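# I need the structure of the sequence given here:
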Amino acid sequence: MKLKGLANRPYNIFFHLHTVSGIVLAVALFVIFFAGAFTLFKSEFYLWENPVARKTDIQEFTLARAIHALKNAETEFDMNDETFISVPTEESPVVQIYAHIQPEKEGGAEIHYAGKMDPVSLKIMEKPRSTVGETLYKLHFFDQVPYAGRWIAGFVSLFFIFATITGVLVHWKNMLTKFWAYGFTGTWKQIWTNGHTVFGLLGLPYQLMYAVTGAFYLLLVLVLMPTVMLLYGGSPENVFRLAYPMYNIEYSDHAAAADYTGNIEKISEEWEARYGRDYRLVGVQANHLLKEDAGMTFRMVSKDPEVFFSNAYVGYRLKDGQEVFHSLPGNKKFTYKVIESIMHLHFASFGGLFVKAVYFVMALFSCFVFVSGILIWKEARNNSRYTTSQKQFHRRVTKVFLAICFTLFPATALLFSAELLVPEIENHAYWVNTVFFISWLMMTLFALLLESEKSITRFSLWMGGFFSLLVPLVNGYSTGDWLWKTAHTQVWATDLFWLVTGILSFSIFGFTRPVRPAEAKVFRIGRASMKVTKKPGRRAKVISEPSSGDSVVS
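Presented below is the predicted three-dimensional model:
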C-alpha cells in the first residue's frame, strides 16, 4: 500500500531538514532517552541502592512528629514559607523534604532546600546515599552541565518535535509498505532505512509525546516569562493558581505569630476517616506553619487504578481544622487536568509497572531509531559521488556517535555496582558519579580507536554484558541479599533485570562474531584445476574447473 507523497521540491527540502536536524540531535536524544528509560524506575531502584533502607520500619511515622522534628532541626528552616513533606512507603521508605532555609541576613535571598529525613529517627539526612536514580534522572536532562544543561535539553526536545514531523513527511509515502515488508535482506542502507521507518512508526506517538512534554517542562520559564509580565503583573504565583489549587489560598504576611501544629494529628485523623478509604496520602504541603493563618494541603492519589486523573488535594486551616477546599478527580478544573495529564504522560505515573515497562521498551526503540538514522546517513554517502576524504569524515562522525552512545550501556551497569562498592564516606555520591563519568569517557575513547562500527558494537556488548552480570554479584556480596533469598521485590527484580541483560548482551555478542574467511587452495594440473575450499568444521570441497597453463600449486 502506497500513500500519496510530497512533490519533489518539498520532499527534498524536508528530507535535508530532517537529516541535518537528526544528525545534530542524535547523540543528545540517545542519551536523553536511554537515561530516561532507567529514570522511569527511579523509585523502584531506591531499595536496591540503599541497603540500610531495606530494614527500615515506617510504622511509627506520623506527620506531626515529622513537622516537630523539622522545627527543631539543626538546619534553620523557614517554617512560614512553603514546606513539603512526603509520606514514606514500603517501596520508598524515606521522607522527602522540600523547604526553605532562613537567610543569614534580613531581606536576603531565600535558599531552597531539597533533602531527605530518616522516617525512624526523623533526622535530616544531609548526605543521602542514593545516587543511581538521581544521577540518571539528572543526566536525562543534562543537569550535570552547569547553567546550560537544562536549556540544552529543552531546545533538543523542541527541535525534536521538528525532526519528528519532518520525518513523518519524508517517509509518509512508503511508511506502511516498509512496515509490512520489513526484513534483514538487501543492502545495509535498505536495512537501516527500513528499520528506521518501522521503529520510528511504532514509537511515533511516544517520541512526539516526550518531545512536547520535555520542551514544556524545560522551557516553561522561557515561555511563561513574557506572559507573566504582561498578563499577570509579574507574579508567578498568579500563574501557579491556574495549575494547582493550593495556590488559591490567601496567606497574609502580616498574620500574627501562632503555633497550631498540635492540631495536625487531629486533622490527619479527620482526613483518614473521610478520604482514607479511596485515596492514599502522598504528602503534605504546609504554609505559614507558625502563624495565625497556618494552612496545610494533603496531597493524595486515588487507589482506583482505572482513574487517570488520580491526583487529589484537600486543604485545611490548622487553627480550627476547617476544610477550605478540595480538588478531587471528579471536580477538577480544566487547567488542573491539563497539567496533570502532562505529568502522568511524561513520568509514566499511571497504570503501574506495566506502563513503565512499555515506556522502557519504547525508549529503547527510540534509541534504535537514532542509531539507524546515523547509519543511514553514513551508508547513503558511501558511493562514488563522494571523495575518499569525505567518506572518511562520514565514517569518523558515525564512530564518534556510536562510541558515545553505545558505551553508555556498560557505564550505566557499572554505575549500579559502584553505588555499593564505593565506601560510605562523606563524598560518596561524588565518587560514584566520578566512576560513572570517567568510565564512560575511557570506554568512549577506547571505542574510537577500534577499526569499525561493528567492533565498537561488539566491544560495548562485551563490556555491557560483563558489568551487567557483575551487578547482582556485587549486591549479593555487599549486602547478603542474593537474588534467590532477598525479601524485597524491587531488589530481586533489579538483580534479575541485569542478569537477563548480561546474558542477552553476551548472546548478541556471540551472534555478531566475525566469520573467518574460507581457506582456499587452488591446484592447477595441465588444462584443469582443482579448487579446494575448507571451512572450519567441514570436510574439504573439491571443485574442478577447466584451465590452461603449466601445473602450479598455490
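# make it CA atoms for all contacts and neighbour counts henceforth
OK.
# Quick one: end-to-end distance for stretch 62-78.
21 Å (CA to CA, to the nearest Å).
# Only the buried residues of that stretch, if you could.
63-67, 69-71, 77-78 (16 or more other CA atoms under 10 Å).
# Could you find the closest non-adjacent residue to Ser478?
Spatial nearest neighbour of Ser478, chain neighbours left out: Leu420 (6.8 Å); criterion: CA to CA, 6 or more residues apart in numbering.
# What is the burial count for the one you found?
Counted by other CA atoms under 10 Å, the residues lying close to Leu420 total 22.
# which residues of this protein score low on pLDDT?
Segments of the chain classed as low confidence (criterion: pLDDT under 70) are 1-6, 104-109, 126-130, 174-189, 223-243, 515-554.
# So which residues of the stretch 101-250 of the chain form helices?
For the stretch 101-250 of the chain, applying DSSP state H, counting those that start in this stretch gives helices covering 132-139, 149-171, 175-180, 188-202, 204-231, 236-243.
# Can you redo those helices as TSV, where the extra columns are distance to Val284 and mean neighbour count?
Formatted as TSV, the helices of the stretch 101-250 of the chain follow (distance: least, CA to CA, whole Å; neighbours: other CA atoms under 10 Å):
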stretch	distance to Val284	mean neighbour count
helix 132-139	22	21
helix 149-171	28	20
helix 175-180	49	17
helix 188-202	40	21
helix 204-231	23	16
helix 236-243	17	15
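# how's this structure carved up into domains?
The record's domain split for the chain, according to automatic domain parsing, is 56-129+248-333, 388-514, 519-553.
# Highest mean neighbour count out of the ones you listed?
domain 388-514 (a mean of 19; mean count of other CA atoms under 10 Å).
# how long is that domain end to end?
With CA to CA as the measure, the ends of domain 388-514 fall 25 Å from one another.
# burial count for the closest residue to Leu364 other than its chain neighbours?
Once flanking residues are discounted, Leu364 sits nearest to Phe34: 6.7 Å by CA to CA, 6+ apart. The tally of other residues near Phe34 (other CA under 10 Å) stands at 24.
# picking up where we left off before, among the buried residues of stretch 62-78, which one lies nearest to Trp440?
For Trp440, the nearest member of the buried residues of stretch 62-78 is Phe77. The distance, counting by CA to CA, is 38.7 Å.
# bridging residues for the nearest residue to the closest one once chain neighbours are set aside?
The spatial neighbour of Phe77 that comes closest, neighbours along the chain excluded (CA to CA, 6+ apart), is Ile101 at 4.4 Å. For Ile101, the residues forming beta bridges with it (DSSP bridges) are Phe77, Ile111.
# what residues are up against Ile101?
Applying CA atoms under 8 Å, 6 or more residues apart in numbering, one finds that Ile101 lies in contact with 75-78, 110-113.
# now do Gly149
Gly149 makes contact with 141-143, according to CA under 8 Å, 6+ apart.
# can you do 6 Å?
By CA atoms under 6 Å, 6 or more residues apart in numbering, Gly149 lies in contact with 142-143.
# Check Leu281 too.
Residues in contact with Leu281 (CA under 6 Å, 6+ apart) are Met300.
# Check whether it sits in a helix, strand or coil.
At Leu281, secondary structure determined by DSSP: H, G, I helix; E, B strand; the rest coil is strand.
# Report the separation between it and Arg299.
6 Å.
# Could you pull out the strands in the stretch 201-350 of the chain for me?
Chain-ordered strands for the stretch 201-350 of the chain, with DSSP state E, counting those that start in this stretch as the definition, fall at 279-287, 295-302, 311-317, 323-327.
# Let's have the ones you listed in CSV, adding distance to Gln392.
Compiled in CSV, the strands of the stretch 201-350 of the chain are given as follows (distance: least, CA to CA, whole Å):
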stretch, distance to Gln392
strand 279-287, 56
strand 295-302, 56
strand 311-317, 54
strand 323-327, 61
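# Please name whichever of those is nearest to Asn433.
Asn433 lies closest, by CA to CA, to one member of those: strand 279-287, at 29.7 Å.
# With just CA atoms, put the closest one into PDB.
Taking C-alpha atoms only, strand 279-287 is exported to PDB below (Å, rounded to 0.1, in the frame of the first residue of the first chain):
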ATOM      1  CA  TYR A 279      -7.200   7.800  48.500                       C
ATOM      2  CA  ARG A 280      -3.600   7.200  49.500                       C
ATOM      3  CA  LEU A 281      -1.700  10.100  51.200                       C
ATOM      4  CA  VAL A 282       1.400  11.100  49.200                       C
ATOM      5  CA  GLY A 283       2.500  14.100  51.300                       C
ATOM      6  CA  VAL A 284       1.500  17.400  52.800                       C
ATOM      7  CA  GLN A 285       2.300  21.000  51.800                       C
ATOM      8  CA  ALA A 286       2.300  23.500  54.700                       C
ATOM      9  CA  ASN A 287       2.300  27.300  54.600                       C
END
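# Okay, now the sheet partners of it, with direction.
strand 83-86 (antiparallel), strand 295-302 (antiparallel).
# In which helix or strand does the spatially most central residue of the chain reside?
Among the residues of the chain, the one closest to the centroid is Gly36, at 0.9 Å (CA atoms, centre = their mean). Using DSSP states H and E, Gly36 maps to helix 8-39.
# Report the buried residues of that helix.
When burial is assessed from 16+ other CA under 10 Å, helix 8-39 yields the following buried residues: 11, 14-15, 17-19, 21-23, 25-39.
# Work out for me the element the closest residue to Ile508 other than its chain neighbours sits within.
Closest residue to Ile508 apart from its sequence neighbours, by CA to CA, 6+ apart: Leu461 at 7.5 Å. Following DSSP H and E, the helix or strand that holds Leu461 is helix 453-479.
# Run through the neighbouring helices and strands of the following helix or strand past that helix.
Taking DSSP H and E as the definition, the helix or strand that follows helix 453-479 towards the C-terminus is helix 489-511. With contacts defined as 3 or more CA pairs under 6 Å, 6 or more residues apart in numbering; DSSP states H and E, the packing partners of helix 489-511 are helix 453-479.
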